[in-house]
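Asks: 3D, please:
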Amino acid sequence: MLIKEFIQVFRDPRMRAVIFVAPLIQLIIFGYAVTTDVRHVATAVYDRDNTVASRELVSRFVKSGYFDVAGYITSDDRARELLDRGKVRAVLRLNKGFEEDLRAGRTAQLQVIVDGTDSNTAGIVLAYSTRISGQFSQEMLNARLRREWGKMRQPGQVELQTRAWFNENLESRNFYVPGVIAMIVTLVTLLLTSMAVVREKEIGTMEQIMVSPITPAEFILGKTVPFALAAFADVVLITVVGVFWFEVPIRGSLALLFAATALYLMTTLGIGLFISTVSQTQQQAMMSTFFFFMPAVLLSGFMFPIANMPQVIQWLTYLNPFRYFLVIIRGIFLKGVGVTILWPQMVALAVIGLATLWLSSRRFRKTLV
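Replies: As a prediction, this is how the structure comes out:
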């Protein structure tokens, strides 16, 4: 069975490309696409004051690297039109008397209008705007105090010093690329394994298996071992690309990564085989795979924090093996933690993996139905 599966999987050049080339292409594409960093926001400027102070503030927004001036406008209707058409994501609006209010010690008004259809991007843009305008306001206040107080002793200030552990530059790619690696391994193993048994039914070789002395456990091993080895090869390839191409740090043990991957593959291969045993056609197997895959990704914490989900959904995520593997792979890559920290996730993967493999072997019967 092992020899047959190896020959059947790797004799087709297109299948070899699907197993080894497609995951690399997906990682490169997803690695660049999956990011929450917001830069170069197309911005329209409505400067009704047009003074040195107003132009300086607009310059601060541009020099930050987060905002790109898409054009200067002269009316509120034009601002509304640009936002409606999606030409800009934000509008900076400064009223007349902006510089005069600053010189007089009054509060000068700056309005930032953002496109709120994407709430995450809008929130980040508003945070950037608050930080830039706050820094500009503080510098204006310090300049005024120096003019008025001269050499007199000025009041003290509080300086905030921040430090981020594990992802020092707060790059979202370092957070998402390990998750993309786990997602690709999950998809490849589920697709390959879910069609393993049902392919035998479609091509008419199930009768040969029925009359052979092979046991259900031997059949399951013969179907899973080739795909497990292919998955390990994928893990090595895409990990190399993630580390050397995207420069994602890997601070933990590679041996622990492979051990955790072995536990996780028990779950994906077991689920894929179970899908294959309950499906009658490869089309059914493929649709069932995606029926499991999409909820598994969404309920894993890959894109949305589990803590923000409703309590009932949080309980449901404990049945999701992707959740545990995501914690392990991010912990190994970014934190460099070991078994003493990750053992609960590894135990959960072992339990789910053994249960799914046992259920798949029980579900398989040496019959055509």
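Asks: rest of the way, CA atoms for contacts and neighbours
Replies: Fine.
Asks: Figure out the helix or strand that the spatially closest residue to residue 10 that is not a sequence neighbour lives in.
Replies: Nearest residue to residue 10, sequence neighbours excluded (C-alpha to C-alpha, 6 or more residues apart in numbering): residue 16, at 5.7 Å. Using DSSP states H and E, residue 16 sits in helix 13-16.
Asks: per-residue confidence for the closest residue to residue 357 other than its chain neighbours?
Replies: In this structure, residue 357 finds its nearest non-sequential neighbour in residue 270, 4.5 Å apart by C-alpha to C-alpha, 6+ apart. Looking at residue 270, its pLDDT reads 88.
Asks: elements contacting the helix holding residue 16?
Replies: helix 2-10 (3 or more C-alpha pairs under 8 Å, 6 or more residues apart in numbering; DSSP states H and E).
Asks: buried ones in the helix it packs on?
Replies: The neighbour-count check on helix 2-10 (16 or more other C-alpha atoms under 10 Å) flags 5, 6, 9 as buried.
Asks: likewise stretch 225-237?
Replies: Buried-residue list, stretch 225-237, by 16+ other C-alpha under 10 Å: 226, 227, 228, 230, 231, 234, 235, 237.
Asks: For that stretch, give the mean pLDDT please.
Replies: 86.
Asks: who's in contact with that stretch?
Replies: Identification of contacts with stretch 225-237 by C-alpha atoms under 8 Å, 6 or more residues apart in numbering yields 2, 5-6, 19-20, 23-24, 181, 185, 188-189, 192-193, 258, 261-262, 265, 269.
Asks: before we move on, back to that, any idea which of the buried residues of stretch 225-237 is the one closest to residue 338?
Replies: Using C-alpha to C-alpha, residue 235 comes nearest to residue 338 of the buried residues of stretch 225-237, at 18.8 Å.
Asks: coming back round to it: let's see which of the buried residues of stretch 225-237 end up in helices.
Replies: If you go by DSSP state H, the buried residues of stretch 225-237 have 226, 227, 228, 230, 231, 234, 235, 237 in helices.
Asks: I'd like those laid out as a markdown table, including distance to residue 41.
Replies: As requested, these are arranged in a markdown table below (distance: C-alpha to C-alpha, whole Å):
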| residue | distance to residue 41 |
| --- | --- |
| 226 | 47 |
| 227 | 44 |
| 228 | 44 |
| 230 | 42 |
| 231 | 39 |
| 234 | 36 |
| 235 | 35 |
| 237 | 35 |
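Asks: hmm, back to that, drop anything exposed from the contacts of stretch 225-237.
Replies: 5-6, 19-20, 23-24, 181, 185, 188-189, 192-193, 261-262, 265, 269.
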